[in-house]
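>>> would you be able to build a 3D model of this:
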Amino acid sequence: MRVIGLYILFLFFCISCQKETINPYDNPDLLPPLEDSTSYFSDPTNFAALYNNIFVPHCANSGCHDGSFEPDFRTIESSYNTLVYQPVIKNNASGDYQFRVKAGDIDESVLYARLLSNSDGSATFDPNSQVMPLTADIVYDPSQEHVWHLEKEDHIANIKTWIEEGSKDMFGNPAVQPNNKPEMQGVVAFISGTSIALPRIGRGTIQVPAGTQSLDIWFSVVDDNITSNNLTYNKVKFSKSLFQFHIQPELSLNVVNTPILEAGYYASNQVEYYHNITHDISDLVSGDEVFFKIYIKDDVNDITEIPNNGSSYQYIKHFTFEIL
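Numbering: from 1, shown residues only. Down below sits the predicted model:
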C-alpha cells in the first residue's frame with residue numbers, strides 16, 4: 001500500500017508540474033510586432049508633435065523655459081497652459097500683442113512673432129529683442145550653425161498652422177479663452193520724492209542707499225479682461241523672511257487713474273504702473289533685505305498672490321529690496 005501511495009503522489013506532482021508549464025499567453029497572435037511602424041507624430045501640427053519636436057529640444061533649455069521663465073516647457077500640459085490665451089509679459093515697444101498665443105490669429109500671437117527674423121538675422125518682433133530660440137539668435141550664433149536653422153522653416157510653418165487652425169490641445173480639443181488671473185509686468189522703486197528709479201541686480205533685488213527713509217514702490221499688473229486700475233482688493237505685505245508672510249499685516253495699495261511709464265520685468269519695454277505704496281524703511285539698516293508680495297483680485301478669480309510660493313526664484317527676487 002505504501003508503494004502504491006508513493007506512486008499516486010508521484011503522478012500528482014508530475015501532472016501538477018505539467019499544468020504549470022502551460023502558458024495561456026503563449027500565443028503567437030499576442031506577441032508584439034518585430035518592428036513598431038506606428039508614427040506617433042504623424043501630424044507635425046498636432047500640439048504633441050510641436051512639444052516633442054520644438055519646445056523640448058530647442059526651448060526647454062537650462063535657465064530658459066525650464067521653469068525659469070514662462071512659457072514653461074517642462075511638460076506638455078504646462079507648455080499648452082502657459083501659451084494659449086496667456087497674457088504677454090514682454091511686449092514690443094508699440095504693445096501690439098495681448099496673448100502669447102491667440103487661437104486662430106498669428107498676427108496677434110507673440111509666440112509666432114518671436115520666431116521671425118529679418119534678412120540680417122535680427123528680430124522682426126522688436127529691434128531690442130532677440131529671436132527665439134535664444135541659443136540660435138544671431139548674437140549667440142552669428143554663423144547660424146545651430147541645428148534650428150536647418151529645421152526652422154518647417155517648425156515655424158507647423159506652429160503657424162497650429163495657431164491658424166485653432167490652437168487645439170494634444171487631444172484635438174479647441175482652445176477656450178479663459179478668464180486668467182492678473183499677472184505682474186514689473187516693479188519699480190524710487191526714493192520718496194525723487195523721479196529716478198533705483199537700480200537692480202539684473203532683474204532681481206532693488207538696491208537702496210543706506211539712510212533712505214522711505215520708498216515709493218510701484219507695481220505693474222495686467223489682466224486679460226479688465227483694466228489694471230479696476231482691479232480690486234489691492235493689498236501688499238512686506239517681510240524680512242520669505243516664510244513669514246502669513247504673520248505680516250496687509251497694507252493698502254494706492255491706485256491711480258493715470259499710470260506712470262517705467263521699464264518692466266523685461267527692461268527692454270516700458271509698461272504702465274497704476275498701483276503704488278509709500279513705505280517707511282527708516283528702521284532698516286545696511287544689509288537688510290525685504291521681500292514683498294501684492295494681493296490683487298479681478299472680476300472672476302479669487303485673490304491672486306504675486307509672487308506666490310510656486311514662482312521662480314528670479315521672479316521672487318524681483319520683489320525684494322536691500323539696504324546697501
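
>>> every contact and neighbour count from this point should use C-alpha atoms.
Fine.

>>> residue 66: which element?
Secondary structure assignment for residue 66, by DSSP states H and E: no helix or strand.

>>> can you report phi and psi for the closest residue in space to it that isn't next to it in sequence?
Among residues not flanking residue 66 along the chain, residue 60 sits closest, at 4.7 Å (C-alpha to C-alpha, 6 or more residues apart in numbering). Backbone torsions of residue 60, given as degrees, to the nearest 10, read phi -80, psi 50.

>>> measure residue 60 to residue 44 for me?
19 Å (C-alpha to C-alpha, to the nearest Å).

>>> so between those two, which is more surrounded?
Higher neighbour count among residue 60 and residue 44: residue 60, with 23 against 20, using other C-alpha atoms under 10 Å.

>>> surely the more buried one touches residue 73?
Yes. Under the criterion of C-alpha atoms under 8 Å, residue 60 makes contact with residue 73 at 5.4 Å.

>>> touching both of these two, which residues are there?
residue 66 (C-alpha atoms under 8 Å, 6 or more residues apart in numbering).

>>> residue 112 - that's part of a helix, no?
Yes. Counting by DSSP: H, G, I helix; E, B strand; the rest coil, residue 112 is found in a helix.

>>> now it: how far from residue 83?
In this structure, residue 112 and residue 83 are 11 Å apart, going by C-alpha to C-alpha.

>>> please identify every residue contacting each of these two.
residue 101.

>>> excluding chain neighbours, what is closest to the most centrally placed residue in the chain?
With distances taken as C-alpha atoms, centre = their mean, residue 70 lies nearest the centre of the chain, 2.0 Å away. Nearest residue to residue 70 in three dimensions, chain neighbours excluded: residue 82, at 6.6 Å (C-alpha to C-alpha, 6+ apart).

>>> could you measure from that neighbour over to residue 160?
For residue 82 relative to residue 160 (C-alpha to C-alpha), the value is 17 Å.

>>> now the helices for this protein?
Here the chain has its helices, by DSSP state H, at 2-20, 47-50, 76-81, 110-113, 148-164, 313-317.

>>> hey, least reliable of those helices by pLDDT?
Of all the helices of the chain, the minimum mean pLDDT falls on helix 2-20 (a mean of 53).

>>> mind checking how far the residue nearest to residue 70 is from residue 223?
15 Å.

>>> tell me which of these two has more neighbours.
Higher neighbour count among residue 82 and residue 223: residue 223, with 21 against 16, using other C-alpha under 10 Å.
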